[in-house]
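Whatever this is, show me its structure:
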Amino acid sequence: MAITPDGAFAYVANFRSRNVSVIATATNTVVATVGVGKFPNGVAIAPAPLNDSDNDGVFDSVDFCAGTSIPETVPIVELKPNRWALVDGDFEFDTVKKGKGKGPGLSYSTTDTGGCSCEQIIDELGLGNGHTKFGCSISAMDDWVEFVNPSKRGAGADAAEVASVPEAFVLEAVYPNPFNPQTTLRFDVPEASHVSLLVYDVLGRQVRVLVDGTREAGTHEVVFEASTLPSGTYLVRLVTPAGSFVQTMQLVK
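A predicted model of the protein is given here:
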């Protein structure tokens with residue numbers, strides 16, 4: 001494992017998948033995955049004692065649920081529309097189509113859920129038999145994803161309308177993403193606070209300081225203009241009194 005000089009990110013090589021995972025040390029979550037073949041030469045990254053012991057696609061160091069079984073036994077009756085469970089081995093939660101073959105248009109993965117299956121989420125949240133019989137609901141999945149990673153609030157379902165005064169610090173998902181040459185970054189501030197909004201490349205080098213000062217309570221927008229930067233994966237990091245939040249974005253020229 002290698003750690004950037006400022007300690008913001010760690011890089012862990014997984015030689016089974018031939019990928020390098022970028023981990024935000026403040027939240028202990030995987031924020032990007034880079035193919036080993038695409039990683040710049042000369043970067044020293046050693047195998048770390050961070051394995052995926054239950055083969056759920058999530059490193060043990062950021063896995064909220066040990067011993068995940070995929071496929072899982074939930075649902076025990078029938079998977080319903082707008083319900084999710086891991087019915088095969090691709091690490092993506094499955095659902096069924098409704099009406100004229102139209103699907104719900106939502107998606108979740110084991111990365112989103114911190115390595116937890118539907119049956120484990122049911123157990124952790126104390127959900128009722130309906131989830132066991134028919135799969136985890138949208139609200140159950142979103143509640144769990146938000147608990148595992150607050151920066152992914154509303155990852156699957158449409159996010160609820162944000163109140164005029166946010167309840168917590170949040171770095172919203174980047175949109176548009178991928179982008180060229182600019183995209184919009186949104187973040188919530190619950191009370192007047194000093195915050196920093198920083199952009200890093202996958203080597204952990206800081207390439208932009210977008211915000212560094214006090215911001216009033218509310219939702220703020222910043223346009224990130226990247227016409228002078230090369231194509232690739234970038235990490236945007238919101239530093240707040242409550243901790244750091246990270247999102248990934250892809251510049252494609």
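
Got the phi and psi for residue 243?
Per-residue torsions, residue 243: phi 130, psi -170 (degrees, to the nearest 10).

And residue 207, by the same measure?
Dihedral angles (degrees, to the nearest 10) for residue 207: phi -110, psi -20.

Repeat that for residue 26.
Per degrees, to the nearest 10, the backbone of residue 26 is at phi -70, psi -40.

That one: what's it in contact with?
8, 243-244, 246 (Cβ atoms under 8 Å, 6 or more residues apart in numbering). To be clear about C-beta, it is placed using only N, CA and C from the backbone, and glycine gets the same treatment.

Quick check: residue 145 is in a strand.
No - checked against DSSP: H, G, I helix; E, B strand; the rest coil, residue 145 lies outside a strand; its state is helix.

Strands of this structure, start to end?
Secondary structure of the chain by DSSP state E: the strands cover 2-3, 9-14, 19-24, 29-35, 83-84, 136-137, 170-171, 182-189, 193-201, 206-215, 218-225, 232-240, 243-251.

Please identify which of those strands is closest to residue 125.
Ranking the strands of the chain by proximity to residue 125 (Cβ to Cβ) places strand 136-137 first, at 8.9 Å.

wait, what's in contact with residue 62?
23, 28-30, 114-115 are the contacts of residue 62 under Cβ under 8 Å, 6+ apart.

hmm, back to that, please indicate which of the contacts of residue 26 are buried?
Neighbour counting over the contacts of residue 26 (16 or more other Cβ atoms under 10 Å) leaves 8, 244, 246 as the buried ones.

Turn these into JSON lines, including pLDDT and distance to residue 201.
Formatted as JSON lines, the buried ones among the contacts of residue 26 follow (pLDDT from 0 to 100; distance: Cβ to Cβ, whole Å):
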{"residue": "8", "pLDDT": "75", "distance to residue 201": "12"}
{"residue": "244", "pLDDT": "91", "distance to residue 201": "17"}
{"residue": "246", "pLDDT": "92", "distance to residue 201": "13"}
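
Identify, from the residues you listed, the entry nearest to residue 207.
When the buried ones among the contacts of residue 26 are ranked by distance to residue 207 (Cβ to Cβ), residue 8 comes first, at 12.9 Å.

I'd say the closest one and residue 205 touch.
No - checked against Cβ atoms under 8 Å, the pair residue 8 and residue 205 is beyond contact range at 10.6 Å.

Out of the contacts of residue 62, which comes closest to residue 146?
Nearest to residue 146 among the contacts of residue 62 is residue 114, at 11.2 Å by Cβ to Cβ.

so that closest one touches residue 64, yeah?
Yes - using Cβ under 8 Å, residue 114 is in contact with residue 64, at 3.6 Å.

of the two, who's got more company?
Ranked by neighbour count (other Cβ atoms under 10 Å), residue 114 and residue 64 place residue 114 first, with 23 against 17.

how deep is residue 189 tucked in, by neighbour count?
23.

residues contacting it?
166, 169, 195, 215-220, 240.

what do you get for residue 127?
Counting by Cβ under 8 Å, 6+ apart, residue 127 touches 121, 136, 140.

quick one: which of the buried ones among the contacts of residue 26 is nearest residue 236?
Among those, residue 246 lies closest to residue 236 (Cβ to Cβ), at 7.1 Å.

any idea how far the closest one lies from residue 252?
20 Å (Cβ to Cβ, to the nearest Å).

what's the span of stretch 167-180, first residue to last?
Taking Cα to Cα, to the nearest Å, stretch 167-180 runs 32 Å from one end to the other.

Go through that stretch and flag the buried ones.
Within stretch 167-180, the residues that qualify as buried are 169-174, 179, counting by 16+ other Cβ under 10 Å.

If anything else comes up later, I'll come back, but that's it for now.
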